[in-house]
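# Kindly generate the corresponding structure for this input.
(chains A and B)
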Amino acid sequence: MTTIAKPFARPHGEEHEEDPRQYLMHDPLPRGQMNAMVMESMHATSPIFWVITAVLAAIVVFALGYEWYVLIMEGQGTAGVTRPDYWGVFLVNTVFWIGISHAGTFISAILRVLKVESRRPFTRAAELMTTFGLVQAGLSVFMHLGRVWLTYWMFPLPNQRTIWPDFHSPLMWDLMAITTYLLCSTMYLFLPLIPDLAMARDRTEGGWLKQVYKVLAIGFRGTEGEWKNLTTAMNIFAFAIIPVMFSVHTIVSWDFAMASRPGWSSTVFGPYFVIGALHSGMAAVAIVLFLLRSTMKHYKYFIRPEHFNTIGMLMLLVSMAWAYFYFNDYIVPWYGGDVWDKLLQEYTEKGPLGYLWYTMLFCNIVVPWAILWNRKWRETPWLLAIAGILINVGMYLERYIIIPVGVTVTRMPFTWRQYYPRIEIPMTIGTFALFLLLYMLASRIIPLIPVWEVQEGQEAHLIRKIGKAEISTLSDME
Amino acid sequence: MATELEKPGVATQEEGPVGRWGMVIDQDLCTGCQACVAACSMENNVPIVGEDDANYGRYMHWIRIERLWESMEFPEVKMTPFQPMLCQQCHNAPCEPVCPVYASVHSMSEDLNLQVYNRCVGTRYCGNNCPYQVRAFNWWDFQDERIHPELVTLHNHTNPDVTVRRRGVMEKCTFCIQRIHKAEDKAKSEGREVEDGEFTTACAQACPANAITFGRLDDPESQIHKLAETNQSRTYQALEEMRTMPRITYLKGGV
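Down below sits the predicted model:
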């Protein structure tokens, strides 16, 4: 057992002593009390909660039920897609939601592997975003298909005519990557959930929920052997899911980069999309943490300014990386001087949709750089939530500029047409509503705080007095 | 010194096979009368999409006449010559590898790009990847009266030799493959090869100025080879730099 000792980080030049109890890891509560708090946060609902749930459910039924029915029965003509813009907002949504889903894995896998301690209370909230975000991404792909009832032709199913899907197509790689990612991230969500489900099972008095917990907790009792197996499984998954996460958005970017179109055929698209995904994902985590903290009972204890500080620093870092990749993606075609690339850049910046480009740069670069450099501001939850919303607007516009705006400029100037979304608008709102609805319902059933992880962290952290200085120490439990 | 790329001639790049069917389009002869567009639509059951959708870019013609402004400044007002644009039947077609379900495939015997309508699931990747933008998507059901009866305009005069397409599938110029097959069947029953000029596509047949010539690409004596040789200085292929090896050769207009 090793112990790492480090003094508290404090702003440069400030003399006053920091209260260590402002950090969750140094503010331990008895385990029973903490478990009870998490259980209570799941059960304490106000009428407003159910009103919002009902409104969201109504939106989902209308937008994803009725509107989708219209789209399927009448055809893609109800959407805004047209001759050069064969791909529209549905694929923007796909890329956007896959981007959102990246933050969960990044936070829970990479920060777990790197042993970033402040990740502990919000890994679950981020992982849940991954799973529910991927659901929206998958639905958006199906909305995009002209004949969605034949989707199963894209799966490698044995059939009498021995027709296999074409693995030359980037869309097939995409299908494989998203399916793998969905399965992996669901399993990775489930593994750390087992002890908490067992905790919830033991604290639920009868009813259908008890049966659900009983099944899902797969008989976890908390013996030494069970913990050992669980830790091993989580370690394997944490390392294995990182390459899956990087590959999935790279492959999504290849849907575009492999096409021979001006603006798309770019070699930097892979890493650029991964960073873009993290950019929107981190921002979404900030929004979700703000919402959880301000709506859920007892969450002010678990989610503290220090966590917003961590997220804020990551957002700033990712924003800088994004700016670097965007600059790369921009300057190379500009310098290359290919006539089509040049026309596309001119259309993007000076065309009728030029304001989107400027808004994107403002939201993705100016906003995070102006807000997130200051620790005081990073620790203000509502400010971080606003920055998160703006960054997500910027990242949505980035995808919008790449897909419907980008495909407007083809090598056949005769076909140039501007794209206007039609049925895409309600259906996009529908995916957002479904995401929120799933999240809200899950918050009633699943403990959104990984209680055992918080407790484990609090066990490992200690304040030791060495001379006059109080030093925070962290014991390595493994 | 002329490089390999600049070498004039019909679409027979040395690295690819010769190809079977080809076309030569003389832009000097084209008057832009749109007879080929009408004939193609009648022959191939191409739906008429209506004014609003056509304005929005959803016209479904398999062939279109392109004409662009070259200069709009007053004394130098100039337009490009008419350019009929249809599927170039590329040997190296960008639309083919991107289809996840093998709906867009290459015919090895005819060396044509085929679109298998009943295999298509409508991802529209092929339409995106086609540098010529000549693929048309069925935005609505143009043959089913139950949903939009006003769109169904071709009740009783659809060509029985050609499939009607339902909503959600991609379609494109086939080089009138039904005519190719008819001629091949006839030739086979008579125990011979199809001769050049024995039949032609609907667009070439309808062209009053004879700007479109269709014929055998693997027959060096064919009409299209003669046209390309006599007009060597004017031959070019659309978007040659894409190296798609199209089977259509244009003769530059206004030179």
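# ok, how many other residues are close to residue 67?
Picked chain A for this. By other C-beta atoms under 10 Å in any protein chain shown, 20 other residues sit near A:Glu67. For every residue, glycine as well, the C-beta is placed using N, CA and C.
# ah, I was thinking of chain B
Counted with other C-beta under 10 Å, B:Arg67 comes out at 13.
# before we move on, which element is residue 178 in?
Using chain A. Assigned by DSSP states H and E, A:Ile178 falls within helix A:170-190.
# not quite, I wanted chain B
B:Gln178 is located in helix B:177-189, with elements delineated by DSSP H and E.
# the strands in the chain, which residues?
In the absence of a named chain, this looks at chain A. Assigned by DSSP state E, chain A shows strands spanning A:3-6, A:461-466, A:469-475.
# Chain B is the one I meant
Under DSSP E, chain B gives strands at B:21-26, B:63-66, B:69-71, B:78-79, B:83-86, B:104-107, B:112-115, B:136-137, B:170-171, B:212-216, B:235-236, B:248-251.
# What residues does the stretch 1-150 of chain B have near chain A?
Contact residues (C-beta under 8 Å from any C-beta of the partner chain) of the stretch 1-150 of chain B with chain A: B:53, B:56-59, B:64, B:66-68, B:85, B:94, B:97-102, B:119-125, B:127-129, B:131-133, B:136-141, B:147-148.
# Any of those buried? List them.
B:53, B:56-59, B:64, B:66, B:85, B:94, B:97-102, B:119-125, B:127-129, B:131-133, B:136-141, B:148 (16 or more other C-beta atoms under 10 Å in any protein chain shown).
# Show me how far the helix holding B:Gln178 is from its chain's centre.
Here helix B:177-189 is found 19 Å from its chain centre; the criterion is C-alpha atoms, centre = their mean, to the nearest Å.
# and if you look at stretch A:144-151?
26 Å.
# ok, residue 118 - how many residues close by?
Since you didn't name a chain, this refers to chain A. 19.
# Can you look at chain B instead?
Neighbourhood size, B:Asn118 [other C-beta under 10 Å]: 11.
# on that earlier part again, would JSON lines of the strands of chain B with distance to A:Gly281 and mean pLDDT be doable?
What follows is the strands of chain B, written out as JSON lines (distance: least, C-beta to C-beta, whole Å; pLDDT from 0 to 100):
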{"stretch": "strand B:21-26", "distance to A:Gly281": "51", "mean pLDDT": "94"}
{"stretch": "strand B:63-66", "distance to A:Gly281": "43", "mean pLDDT": "95"}
{"stretch": "strand B:69-71", "distance to A:Gly281": "45", "mean pLDDT": "85"}
{"stretch": "strand B:78-79", "distance to A:Gly281": "50", "mean pLDDT": "88"}
{"stretch": "strand B:83-86", "distance to A:Gly281": "43", "mean pLDDT": "95"}
{"stretch": "strand B:104-107", "distance to A:Gly281": "34", "mean pLDDT": "91"}
{"stretch": "strand B:112-115", "distance to A:Gly281": "39", "mean pLDDT": "92"}
{"stretch": "strand B:136-137", "distance to A:Gly281": "33", "mean pLDDT": "95"}
{"stretch": "strand B:170-171", "distance to A:Gly281": "34", "mean pLDDT": "95"}
{"stretch": "strand B:212-216", "distance to A:Gly281": "54", "mean pLDDT": "94"}
{"stretch": "strand B:235-236", "distance to A:Gly281": "48", "mean pLDDT": "93"}
{"stretch": "strand B:248-251", "distance to A:Gly281": "47", "mean pLDDT": "94"}
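# For A:Phe432, find the nearest of those.
With C-beta to C-beta as the measure, strand B:136-137 is the member of the strands of chain B nearest A:Phe432 (27.3 Å).
# Quick check: neighbours of the closest one in the sheet, parallel or antiparallel?
strand B:170-171 (antiparallel) (DSSP bridges).
# for A:Met154, what are its contacts?
Neighbouring residues of A:Met154 by C-beta atoms under 8 Å, 6 or more residues apart in numbering or on different chains: A:165, A:171-172, A:175, B:100-101, B:121.
# again with B:Pro81
Residues counted as contacts of B:Pro81 (C-beta under 8 Å, 6+ apart) are B:27-28, B:30, B:67, B:252-254.
# Can you show me the CA trace of stretch A:242-252 as PDB?
Presented in PDB, the C-alpha positions along stretch A:242-252 are these (Å, rounded to 0.1, in the frame of the first residue of the first chain):
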ATOM      1  CA  ILE A 242     -10.800   3.400 -24.600                       C
ATOM      2  CA  PRO A 243      -9.700   2.200 -28.000                       C
ATOM      3  CA  VAL A 244     -13.400   1.500 -28.800                       C
ATOM      4  CA  MET A 245     -14.200   5.000 -27.900                       C
ATOM      5  CA  PHE A 246     -11.500   6.500 -30.100                       C
ATOM      6  CA  SER A 247     -12.300   4.200 -33.000                       C
ATOM      7  CA  VAL A 248     -16.100   4.800 -33.000                       C
ATOM      8  CA  HIS A 249     -15.900   8.500 -33.700                       C
ATOM      9  CA  THR A 250     -13.000   8.100 -36.100                       C
ATOM     10  CA  ILE A 251     -15.200   5.700 -38.100                       C
ATOM     11  CA  VAL A 252     -18.100   8.100 -37.900                       C
END
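# what mean pLDDT would you report for it?
Regarding stretch A:242-252, the rounded mean pLDDT is 92.
# and if you look at stretch A:451-459?
90.
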